[in-house]
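S.K.: sequence first, then the predicted structure, then my questions.
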Amino acid sequence: MPAASTRYILICSGKGGVGKTTLTANLGIALAKQGARTAVLDADFGLRNLDLLLGLENRIVYTAQDVLSESCRLEQALVKHKQEPNLALLPAGNPRMLEWLKPDDMRKIAAMVGDSFDFVLIDAPAGIEGGFRNAMAAAREAIVVTTPEVSAVRDADRVIGLLNTEGVKPIQLVLNRVRPKMMANQEMLAVDDVTDILALPLLGLVLEDEQVIVSTNRGEPLTLSDTQSPASRAYTNVARRLRGEAVPLIDPSKERQGLRAKIGRLMHTKIF
Amino acid sequence: MTLRDLINKLLGREPASATTAKQRLQLVLAHDRSDLNPELLQQMRREILEVVSRYVEIDLEEGDVSLETEDRVTALVANLPIKGTRPLMSGMSASGGATVPPGTRP
């Protein structure tokens, strides 16, 4: 039986490309660095990528599929991270798994993994179809990732609707790829706009950061070694908040210094 | 209204795109959440106006039935300006339930 305290967290979004897998990888590393035993499950069987982002793509021998068909033991399929032994990846199987995988299979895998971990992060596929429903079955709480764009927010809303129906809670929001300058100029949905519309508490705010692309290229999540870049700090703070620490959110308008920022804020001021 | 909105208005410029984005999102989500398409809503609007106008004289041009959402709860909101009461209802207060008192509209 998995420990009752194991936290099963679904990381999901409606739209693809908003940063789910990047968040899963960075959060996994950050939690592990903070001492929590963490497993990341790639539940995106159609288009898997978590292995690549963690730099573990060459070390995969067995997958979730082999565990389910009992061709191997769970310990054989779990890939330990090189530098961060507290983190392990359970790779997604072959896309053909989608044809027969049932929500019960995901529950079974998650329960097995939960045995030896404090956190189980489940990287869901984008969308609201079968693959997402399977991934959702194993979750007890959820983090919805969105960017401040109309299409991403709309699709996030659909996912939140489904999570509500299935009784997955709490659901928290990570707002990704925020551009402070555009926000100050009101050319991008404000943080409050998104949290109001989706009616979710904000777990983290991640600024657009070129370092994310560099780290993805290398297969080394930012949180592994970089502690200074804005995105790395944001991911680390999300991990700390998940563990119950009260870490204040950054104020995107304060992230920009200088005259332009001041004028931007002045233009934002309510006059009547 | 923010300073930026005011300047935009004075210069006759379009509002900042974030404002437009929020308005469009709120509208589209109200429809998504209620699973009502605009056509169905129009039909409902016509029928509601029809029923209400049996009892009171309403401004058909101004009458509005729309979806509003707050905190993930969607409500159907009807805003029907009453121009006057029907003759058979004479004797009743003309302003009861009206959002705009009669006589205030051109």
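M.R.: Nice, I can see it.
S.K.: what parts of chain B come near chain A?
M.R.: B:1-4, B:6-7, B:16-19, B:21-22, B:24-26, B:28-29, B:32-33, B:71-72 (CB under 8 Å from any CB of the partner chain). Bear in mind the C-beta positions are built from the backbone N, C-alpha and C, glycine included.
S.K.: any quick PyMOL command for the buried ones out of these?
M.R.: To isolate the buried ones among those in PyMOL, judged by 16 or more other CB atoms under 10 Å in any protein chain shown, type:
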select buried, chain B and resi 2+4+16+17+18+19+21+22+25+26+29+32+33
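S.K.: would you pull up the residue in chain B closest to chain A?
M.R.: Chain A sits closest to residue B:16 of chain B, with a gap of 3.6 Å, by CB to the nearest CB.
S.K.: can you report how many residues lie near the residue lying closest to that residue once chain neighbours are set aside?
M.R.: Ranked by CB to CB, 6 or more residues apart in numbering or on different chains and with sequence neighbours excluded, the top spatial neighbour of residue B:16 is residue A:186, at 3.6 Å. As a burial measure, residue A:186 scores 24 neighbours (other CB atoms under 10 Å in any protein chain shown).
S.K.: I'd like the distance between residue A:186 and residue B:23.
M.R.: Relative to residue B:23, residue A:186 is positioned 13 Å away (CB to CB, to the nearest Å).
S.K.: that older thread, verify the stated contact: the residue nearest to residue B:16 with residue B:4.
M.R.: Yes - with contact defined as CB atoms under 8 Å, residue A:186 reaches residue B:4; the gap is 6.1 Å.
S.K.: looking at the chain, which helix or strand does the model trust least?
M.R.: Just so you know, I chose chain A. helix A:259-268 (a mean of 65; mean pLDDT, DSSP states H and E).
S.K.: could you do chain B instead?
M.R.: Min over SSEs of chain B, mean pLDDT, DSSP H and E: helix B:3-10 (a mean of 76).
S.K.: centre of the chain to it, how far?
M.R.: How far helix B:3-10 lies from its chain's middle: 26 Å, per CA atoms, centre = their mean, to the nearest Å.
S.K.: just to revisit the earlier point, quick one: residues contacting the residue of chain B closest to chain A.
M.R.: Residues in contact with residue B:16 (CB atoms under 8 Å, 6 or more residues apart in numbering or on different chains) are A:185-187, B:4-5, B:8.
S.K.: turn those into a markdown table, including distance to residue A:63.
M.R.: Formatted as a markdown table, the contacts of residue B:16 follow (distance: CB to CB, whole Å):
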| residue | distance to residue A:63 |
| --- | --- |
| A:185 | 46 |
| A:186 | 46 |
| A:187 | 43 |
| B:4 | 52 |
| B:5 | 54 |
| B:8 | 55 |
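S.K.: between all of those, which two are separated the most?
M.R.: Using CB to CB, the pair of the contacts of residue B:16 lying farthest apart is A:187 and B:5, separated by 13.3 Å.
S.K.: contacts for the least confident helix or strand of chain B?
M.R.: So helix B:3-10 is in contact with A:186, A:266-269, A:271, B:13-16, B:19, going by CB under 8 Å, 6+ apart.
S.K.: quick revisit: residue A:187 and residue B:5: which has the busier surroundings?
M.R.: residue B:5 (18 against 14).
S.K.: what residues do residue A:186 and residue B:23 have in common as contacts?
M.R.: What both residue A:186 and residue B:23 touch, as defined by CB under 8 Å, 6+ apart, is an empty set.
S.K.: where in the stretch 51-200 of chain A is pLDDT low?
M.R.: For the stretch 51-200 of chain A, applying pLDDT under 70 flags no range at all.
S.K.: now the strands for the stretch 51-200 of chain A?
M.R.: Under the criterion DSSP state E, counting those that start in this stretch, the stretch 51-200 of chain A contains strands at A:79-80, A:87-90, A:119-123, A:141-146, A:171-178.
S.K.: now mean neighbour count too, for those, in CSV please.
M.R.: Below are those laid out as CSV (neighbours: other CB atoms under 10 Å in any protein chain shown):
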stretch, mean neighbour count
strand A:79-80, 18
strand A:87-90, 27
strand A:119-123, 26
strand A:141-146, 25
strand A:171-178, 23
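S.K.: can you say which of these is nearest to residue B:66?
M.R.: Closest approach to residue B:66 among these is made by strand A:141-146 (25.4 Å; CB to CB).
S.K.: since that was my last question, I'll sign off now.
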